[in-house]
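>>> Quick check, what structure comes out for this input:
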Amino acid sequence: MKQTIEVTLLPSSAYDDDLIKQIIASELRVLPQDITAIKKLRRSLDARSKQPIYKLLAEVFINENPPVESPEVVYNPITSNKTAHIVGFGPAGMFAALQFIELGIKPIVFERGKTVRDRRFDLKNIMQDHIVNPDSNYCFGEGGAGTYSDGKLYTRATKRGNVKKILRVLVQHGASEDILVDAHPHIGSNKLPNIIEAIRNTILRCGGEIHYNSKITNMIIKDNHITGVVVNNTDEHPVQSLILATGHSARDIYSLLDSKKIFIEAKPFAVGVRIEHPQQLINEMQYHTSENNPLLPPASYNLSCQAGEKGVFSFCMCPGGIIVPASTGADELVINGMSVSKRDSAFANSGFVVSVNEKDFAPFAKAGALAGLHYQQAIEHKAFLAGGSRQTAPAQRVTDFLNNVVSSTLPKSSYIPGIVSYDVAAIFPEAVVASLREGLLTSNKKMRGYITDEAQILAAETRTSSPVRITRDKESGMHVQIQGLFPAGEGAGYAGGIVSAAIDGELAAEAVAKFLR
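Take a look at the predicted model:
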């Protein structure tokens, strides 16, 4: 007999399989020895009451064996001569390549950056020497922007594709099986490199090709068909199809498409700051106690409100994390958050951002489809200058930002390149500043203590999503104008986060296979 049951667990028993079995047996009024298997479906933490609890949804098999499952995806060596090309080796590009292998098509990938291990030297240069390599940084390189900026796997895109399959493939390549169960799964930036290397090895073992340090500098278009790409301004490669999975920071690709009059359009996104608190304060607010419970994870939060016509919301919240420089150019400052698997930093940080749209981009209207991109660049350049023309971040205590006062002192920060006291409001347009201030006041009503002298904001958080959409046909997945061109992932404006980008990559590969047939 099989039964589905949800049980409530104290933190002390949430990860103890023997205790869980006893609790389930008691709930079902059966003997523990009669339970032959427990399949965990979903585990979530509920901290709304004074005593935080876990809720576990499970399938329980009583006096019968569960069906034999083969969760691993089989990747066989390519035997056909069919090929398909991919630009970008982030989540969309990686999962497109894996999907091609499943379909018996050889993937050929061009990645502008370096391998996941070689990227580390350029990240060190940003953090310690303030030197930005435009092709190898926190955004560009094997694994994409998610590799060294957290590894959160939560997504709302459950109807667009097989989320469970994406998670299973990650487990197959080294991720913990906990991501299959946790309501808000997370891998951690310290573990992702090994997983990405394992995915790379699967692709290469099956006959795929991955070319690093290979930047697309031109596209060859004939009669509205893409027929080739130029790599590093010198090497021309013929293509029948091309998945464009370049990520939301590949501004040169947007400019290239625009210069060739290939249809793209400006899209809404969000800009703002990173807000940083001591993790202990967030724990106290969320767990309703000042006592540390080692059985509970570092607390997180999710805030949103409306400030006039604008949405204000927390973004990419990193409990027990650090703030990192995510700039991709020498004259800009962009910051992001990351955390390792243990989330054991003393700080909690989150994007705190305001939605912006075509009305906000009006001063850059002459740029056409690139108006939002230019709006984004202008903020990043102001932040760069405010930080002293380095990767040092302008910062301000939250209380001083609300009172329009430059901070005389700043709290400690996790941001390694350093912070400098500055009037953060001077970096952003007035409408964004007003919305940030209103959003902070509203958030403090939801989380008492969110506004505190111990919290500070750093600028600028601007890469929440792509400022451009590379428009594609809903039915074919192909660009609305160019035959054989398949925009995918965050850079195309159709995904947000690791899992949704991976799903979009799989869908793009399936669309290409149909096109090639």
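
>>> how far away is the residue lying closest to residue 220 once chain neighbours are set aside from residue 219?
Computed as C-beta to C-beta, 6 or more residues apart in numbering, the closest residue to residue 220 that is not its neighbour in sequence is residue 228, at 3.8 Å. (Glycine included, C-beta is placed from N, CA and C.) From residue 228 across to residue 219, the span is 7 Å (C-beta to C-beta, to the nearest Å).

>>> who's more crowded, these two?
Taking neighbours as other C-beta atoms under 10 Å, residue 228 and residue 219 compare with residue 219 leading, 21 against 16.

>>> still on that earlier bit, hang on, the residue nearest to residue 220 in a helix?
No: applying DSSP: H, G, I helix; E, B strand; the rest coil, one finds residue 228 to be strand, outside a helix.

>>> so what's it up against?
Applying C-beta atoms under 8 Å, 6 or more residues apart in numbering, we find residue 228 in contact with 219-220, 236-239.

>>> Now residue 272: closest residue in space, sequence neighbours ignored.
residue 353 (3.4 Å).

>>> how near is that neighbour to residue 447?
In terms of C-beta to C-beta, residue 353 sits 17 Å off from residue 447.

>>> Between the two, which is the more surrounded one?
residue 353 (27 against 15).

>>> can you tell me the helix or strand for the more buried one?
Residue 353 belongs to strand 347-356 when assigned by DSSP states H and E.

>>> chain center to that strand, what's the gap?
In terms of C-alpha atoms, centre = their mean, to the nearest Å, the centre of strand 347-356 is found 14 Å from the chain centre.

>>> got the domain boundaries for the chain?
Following automatic domain parsing, the chain resolves into domains at 2-62, 83-265+484-516, 268-461.

>>> To residue 75, which of the ones you listed lies closest?
Nearest to residue 75, of all the domains of the chain, is domain 83-265+484-516, at 5.1 Å by C-beta to C-beta.

>>> returning to what we had before: may I see the ChimeraX selection of the buried members of the contacts of residue 228?
Command for ChimeraX that selects the buried part of these, burial taken from 16 or more other C-beta atoms under 10 Å:
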select :219,237,239
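
>>> mind listing which of the contacts of residue 228 are in strands?
Counting by DSSP state E, those place 219-220, 236-238 in strands.

>>> Return the closest of the residues you listed with respect to residue 348.
Ranked by distance to residue 348 (C-beta to C-beta), the ones in strands among the contacts of residue 228 are led by residue 219 at 42.8 Å.

>>> Which residue is the nearest non-sequential neighbour of that closest one?
residue 229 (5.6 Å).

>>> Also residue 177?
Residue 177 sits nearest to residue 171 (C-beta to C-beta, 6+ apart), 5.5 Å away.

>>> So that neighbour, which state does it fall into?
Secondary structure, three-state DSSP: residue 171 is helix.

>>> show me the contacts for it.
Counting by C-beta under 8 Å, 6+ apart, the residues that residue 171 touches are 71, 177, 179-180.

>>> out of the residues you listed, which one sits closest to residue 506?
For the contacts of residue 171, the nearest to residue 506 is residue 71 (16.6 Å; C-beta to C-beta).

>>> rewinding a little: wait, isn't the residue nearest to residue 272 in contact with residue 275?
No: Residue 353 lies out of contact with residue 275 (C-beta atoms under 8 Å); the separation is 9.9 Å.

>>> Please enumerate the shared neighbours of those two.
Counting by C-beta under 8 Å, 6+ apart, the shared contacts of residue 353 and residue 275 are residue 314.

>>> For the longest strand along the chain, list every residue counted as buried.
Secondary structure of the chain per DSSP E: the longest strand is strand 35-46. Buried positions in strand 35-46, judged by neighbour count with 16+ other C-beta under 10 Å: 35, 38, 40, 43, 45.

>>> which residues touch the second one?
Residues touching residue 38, when contacts are defined by C-beta under 8 Å, 6+ apart, comprise 17, 20-21, 24, 58-61.

>>> Mind doing that once more with 10 Å?
Neighbouring residues of residue 38 by C-beta atoms under 10 Å, 6 or more residues apart in numbering: 5, 17, 20-21, 24-25, 56, 58-61, 66.

>>> Lowest-confidence member of the residues you listed, which is it?
Note: of the contacts of residue 38, the lowest pLDDT belongs to residue 66, at 88.

>>> I figured that residue hits residue 35, correct?
No: if you go by C-beta atoms under 10 Å, residue 66 and residue 35 don't touch, sitting 11.0 Å apart.

>>> Overlap in contacts, the two.
Here residue 66 and residue 35 have residue 60 as joint contacts, going by C-beta under 10 Å, 6+ apart.

>>> Before we move on, what's the pLDDT of residue 188?
For residue 188, the model assigns a pLDDT of 88.

>>> pLDDT value on the closest residue to it other than its chain neighbours, please?
The shortest distance from residue 188 to any non-neighbouring residue, by C-beta to C-beta, 6+ apart, is to residue 341 (2.9 Å). Residue 341 carries a pLDDT value of 89.

>>> contacting residues around residue 341?
151, 175-176, 186-192, 320.

>>> That one falls within a strand, correct?
No: according to three-state DSSP, residue 341 belongs to no strand; its state is coil.

>>> Please report the distance of it from residue 301.
Per C-beta to C-beta, residue 341 is found 20 Å from residue 301.

>>> buried sites along stretch 392-409?
Of the residues in stretch 392-409, 392-402, 407 count as buried by neighbour count, 16+ other C-beta under 10 Å.

>>> if we can go back for a sec, in the contacts of residue 228, find the pair that's most separated.
Greatest spatial distance among those (C-beta to C-beta): 219 and 238, at 11.9 Å.

>>> Pull up the overlap in contacts between the two.
The contact sets of residue 219 and residue 238 overlap at 227-229 (C-beta under 10 Å, 6+ apart).

>>> Mind exporting the C-alpha coordinates of stretch 449-464 to PDB?
Provided in PDB are the C-alpha atoms of stretch 449-464 (Å, rounded to 0.1, in the frame of the first residue of the first chain):
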ATOM      1  CA  GLY A 449      13.900  46.100  12.700                       C
ATOM      2  CA  TYR A 450      14.600  46.000   9.000                       C
ATOM      3  CA  ILE A 451      15.500  49.700   9.200                       C
ATOM      4  CA  THR A 452      18.400  50.000  11.600                       C
ATOM      5  CA  ASP A 453      21.700  51.700  12.000                       C
ATOM      6  CA  GLU A 454      23.400  48.300  11.600                       C
ATOM      7  CA  ALA A 455      22.100  48.000   8.000                       C
ATOM      8  CA  GLN A 456      23.600  49.600   5.000                       C
ATOM      9  CA  ILE A 457      23.000  49.900   1.300                       C
ATOM     10  CA  LEU A 458      25.700  49.600  -1.400                       C
ATOM     11  CA  ALA A 459      25.300  50.700  -5.100                       C
ATOM     12  CA  ALA A 460      24.500  49.600  -7.700                       C
ATOM     13  CA  GLU A 461      22.500  46.500  -8.200                       C
ATOM     14  CA  THR A 462      21.400  46.800 -11.900                       C
ATOM     15  CA  ARG A 463      21.700  43.400 -13.500                       C
ATOM     16  CA  THR A 464      18.500  41.900 -12.200                       C
END
